[in-house]
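**Q** no sequence for this one, just the structure:
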Ligand SMILES: Nc1nc2c(c(=O)[nH]1)N[C@H]1C(S)=C(S)[C@@H](COP(=O)(O)OP(=O)(O)OC[C@H]3O[C@@H](n4cnc5c(=O)[nH]c(N)nc54)[C@H](O)[C@@H]3O)O[C@H]1N2
Ligand SMILES: Nc1nc2c(c(=O)[nH]1)N[C@H]1C(S)=C(S)[C@@H](COP(=O)(O)OP(=O)(O)OC[C@H]3O[C@@H](n4cnc5c(=O)[nH]c(N)nc54)[C@H](O)[C@@H]3O)O[C@H]1N2
Ligand code: SF4
Ligand SMILES: [Mo]
């Protein structure tokens, strides 16, 4: 048998590392190095390296499942399963109206699937109630980016610019564990004489690489950024020429920053004034510098203002829209970027258009062949949608998320999901959420289907089908096609990904995220294309008949102007405010949450891989020796963490790499050690992002 090597990309995080897949004679698939993709140049983390293990039939779903009269999920035919879903969603719509049907998507879905899911909700179901897990991920950075720059693209420059910059401040990113192959860009930065500053309440593997590590109290990044801006002003380091030419709103932002004295900021954050001064010096002295944020500062009930404050710092010092300088957000999921551009978000239409903009509605309605007035308006955000299950929303179609593990206040959300009239889940495995469904549909995985993703740099990529899916499995696109037909819409839901992409190109044309100049052929030949990439138009004065040159794509944004109407970036006047739930006598400790290198998200996929489970077998509570001593807990002892939402128990992991006032739990596991039993769903007023990164808890010793 001749084995064929297919170049493609990893199923997991937003780095979208290149990998080669080769089918083996025994039916398994070999993952190997693909060196031609510049982001990872062949390197893969353990999750990517072992990703093919989830293709095995003993861990994945192999047949549709329906709940029988006794309440057990049993195998069923596709026809029966699809009929039941159409009937379940159709009944709710008939009895309670279209907005009683909800749709929940995921940032792991390809552009084609995310686009089709959004269209399915608005055109077939006619519901406004669609949102997705990306709301829990990068929505605060997106909102701040749109306010300041008029556009949200995670990184406005390719990762390869990082080593050439003078200084990078990484705020709340543990990329040594969350995007390991990207660490190379930061070690090269240091080799080139640049400075790396890491801001994290824990001395993580990433912080260990830093020239300077600041360990603020969780939830105080906004004050920290304001304190730095105060010093920039006080030390005369503002780039007045740049501020005058390229920005607007400086006076108000300046006044707000002046109210944040370094000593006041030291009291709030725990970061000393000399450390603040040193940070300002390292950031301002070189020619160029960057600020990159990740979930640490973003997953806060003031995440949008916090990112705004870091952008203000960049703008005041002339470090945005200039070579090797800028603000960027390190997005998370495989298609975290593209997944937010094409219409599965409550307020959006494809091409990053706004659902409440009449011109956007008219454009997309024309592509879809529907009346613009038939398109519903904006719906609820992810947490609000999940919170409304069983009351306003009676039936839910869920694709590519596992909220029973990953949503804040998860016990409450689990109870809401259980109270639904009808739940349908499409997944590759029987996740904790899928196991509560009335119908579960088994879908194809990345290696078995073609589609595009957009990585954290805004680089649109082609994932290619490398193997034939097993008998009895269908793609998400086939599922939506079948359901549309059963709900009375015969046309407009193609199952061929390239056909969907061709429609997406037209729908996105002229929008902020313009993909109209991108084709599958170009993606294959050019190894990815950065958006915006409008279709080629003949330049004025070109001789008629000459083929216009293709748009090259846009690796670097904002170099000439920002994407605002007047081309100027906007300062936002922001001030420090407390987290939603400050510690008190009853709940005296701060809990923050995050990730470990060997597990991915809710763990639905990676907890099914033996090698990854060996490396990260279960939840834990990371705490400082001083806290452990007060509790009388030794390494490995079970510790109860109690918040106003519930109680979780996991073994102690004692380390002085964390602040003594803070404990950390990873959120990858269900059950007793589920971190999200504890987390606070307080939402950011603009982005509707929950406060995953800070809530008040108390610790209790547990008898072994
Ligand atoms: N191994 C692995 N990799 C992943 C994922 C995964 O689940 N596992 N998920 C992917 C996805 S979707 C995402 S979104 C990214 C997330 O990537 P990251 O943002 O790097 O991941 P987190 O661990 O959530 O948070 C980063 C750091 O924020 C710190 N932090 C906590 N509270 C605060 C705070 O108040 N301020 C500051 N400054 N820092 C704080 C934590 O200590 C943690 O080290 O990773 C992607 N890659
Ligand atoms: N406490 C705490 N909670 C958090 C976070 C945190 O830092 N702390 N981070 C938040 C963040 S940033 C994120 S992104 C969320 C993520 O949390 P989830 O939304 O739960 O993400 P996953 O675990 O990736 O779930 C994806 C599910 O879809 C399935 N799947 C994968 N690919 C496909 C596909 O193509 N089609 C279909 N139909 N299914 C597919 C997988 O098997 C899995 O069951 O968690 C959030 N929750
Ligand atoms: S870093 Fe992300 S994209 Fe790269 S191999 Fe690991 S999980 Fe996959
Ligand atoms: Mo994420």
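**A** Alright, I've got the coordinates. Remember, it's a predicted structure, so these values are computed and weren't measured experimentally. Ligands and ions are numbered 1, 2, ... in the order given.
**Q** give me the residue from the protein nearest ligand 3.
**A** Sorted by distance to ligand 3 under C-beta to the nearest ligand atom, the residues of the chain start with residue 48, at 2.3 Å. All C-beta spots, glycine's among them, are computed from the backbone N, C-alpha and C.
**Q** Can you check my assumption that that residue lies in a strand?
**A** No - when classified by DSSP: H, G, I helix; E, B strand; the rest coil, residue 48 is found to be helix rather than part of a strand.
**Q** Can you give me the distance of it to residue 421?
**A** When C-beta to C-beta, to the nearest Å is applied, the distance between residue 48 and residue 421 equals 39 Å.
**Q** related to what we said a few turns ago, residues touching the residue of the chain closest to ligand 3, list them.
**A** Applying C-beta atoms under 8 Å, 6 or more residues apart in numbering, we find residue 48 in contact with 10, 12, 17, 19, 31.
**Q** check the residues you listed against ligand 3, which are close?
**A** 10, 12, 17 (C-beta under 6 Å from any ligand atom).
**Q** For the second one, grab phi and psi.
**A** Right, residue 12. Reported as degrees, to the nearest 10, the phi and psi values for residue 12 are phi -100, psi -110.
**Q** mind checking how far the host helix or strand of residue 89 is from the chain centre?
**A** Residue 89 is part of helix 78-96 when elements are defined by DSSP states H and E. Put simply, helix 78-96 sits 31 Å off its chain's centre (C-alpha atoms, centre = their mean, to the nearest Å).
**Q** Out of the ones next to ligand 3 among the contacts of residue 48, which comes closest to ligand 1?
**A** Where these are concerned, and distances follow C-beta to the nearest ligand atom, ligand 1 has its nearest neighbour in residue 12, at 6.9 Å.
**Q** Show me how far stretch 569-576 is from its chain's centre.
**A** On C-alpha atoms, centre = their mean, the centre of stretch 569-576 falls 24 Å from that of its chain.
**Q** Kindly apply the preceding question to stretch 279-297 instead.
**A** Once both centres are worked out by C-alpha atoms, centre = their mean, stretch 279-297 turns out to sit 22 Å from its chain's centre.
**Q** near ligand 4, anything from that stretch?
**A** No - under the criterion of C-beta under 5 Å from the ion, stretch 279-297 makes no contact with ligand 4; the nearest approach is 6.6 Å.
**Q** show me the contacts for the residue lying closest to residue 416 once chain neighbours are set aside.
**A** Among residues not flanking residue 416 along the chain, residue 389 sits closest, at 4.1 Å (C-beta to C-beta, 6 or more residues apart in numbering). By C-beta under 8 Å, 6+ apart, the contact list for residue 389 reads 102, 396, 413, 416-417, 419-420.
**Q** In the stretch 301-450 of the chain, what residue comes closest to ligand 4?
**A** Per C-beta to the ion, residue 332 is where the stretch 301-450 of the chain lies closest to ligand 4, at 2.8 Å.
**Q** right, and the helix or strand after whichever strand or helix holds residue 119?
**A** Following DSSP H and E, the helix or strand that holds residue 119 is helix 111-119. Stepping forward along the backbone from helix 111-119, the first helix or strand reached (DSSP H and E) is strand 130-132.
**Q** ok now the helix or strand that that next one is followed by, how far from the chain's centre?
**A** Taking DSSP H and E as the definition, the helix or strand that follows strand 130-132 towards the C-terminus is helix 139-149. Put simply, helix 139-149 sits 14 Å off its chain's centre (C-alpha atoms, centre = their mean).
**Q** Check stretch 166-177 too.
**A** The gap between the average C-alpha position of stretch 166-177 and the chain average comes to 17 Å, counting by C-alpha atoms, centre = their mean.
**Q** Now do that stretch, average pLDDT.
**A** In this model, stretch 166-177 has an average pLDDT of 98.
**Q** near ligand 2, which residues of the stretch 1-150 of the chain?
**A** 106-109, 133, 136-137.
**Q** nearest spatial neighbour of residue 549, skipping sequence neighbours?
**A** For residue 549, ignoring the flanking residues on the chain, the nearest one in space by C-beta to C-beta, 6+ apart is residue 536 at 6.1 Å.
**Q** so what secondary structure elements neighbour the longest strand seen in the chain?
**A** Among the segments of the chain that qualify as a strand by DSSP state E, the longest is strand 646-654. Applying 3 or more C-beta pairs under 8 Å, 6 or more residues apart in numbering; DSSP states H and E, one finds that strand 646-654 makes contact with strand 621-623, helix 625-631, strand 638-643.
**Q** Mean neighbour count, the ones you listed: which tops it?
**A** Of the helices and strands packed on strand 646-654, the one with the most neighbours on average (mean count of other C-beta atoms under 10 Å) is strand 621-623, at a mean of 24.
**Q** check contacts around residue 568.
**A** Taking C-beta under 8 Å, 6+ apart as the criterion, residue 568 is in contact with 246-248, 561-562.
**Q** Excluding covalently adjacent residues, which one is nearest to it?
**A** The shortest distance from residue 568 to any non-neighbouring residue, by C-beta to C-beta, 6+ apart, is to residue 248 (4.6 Å).
**Q** Settle this for me: that neighbour is touching residue 566, isn't it.
**A** Yes - contact status for residue 248 versus residue 566: in contact at 7.3 Å, counting by C-beta atoms under 8 Å.
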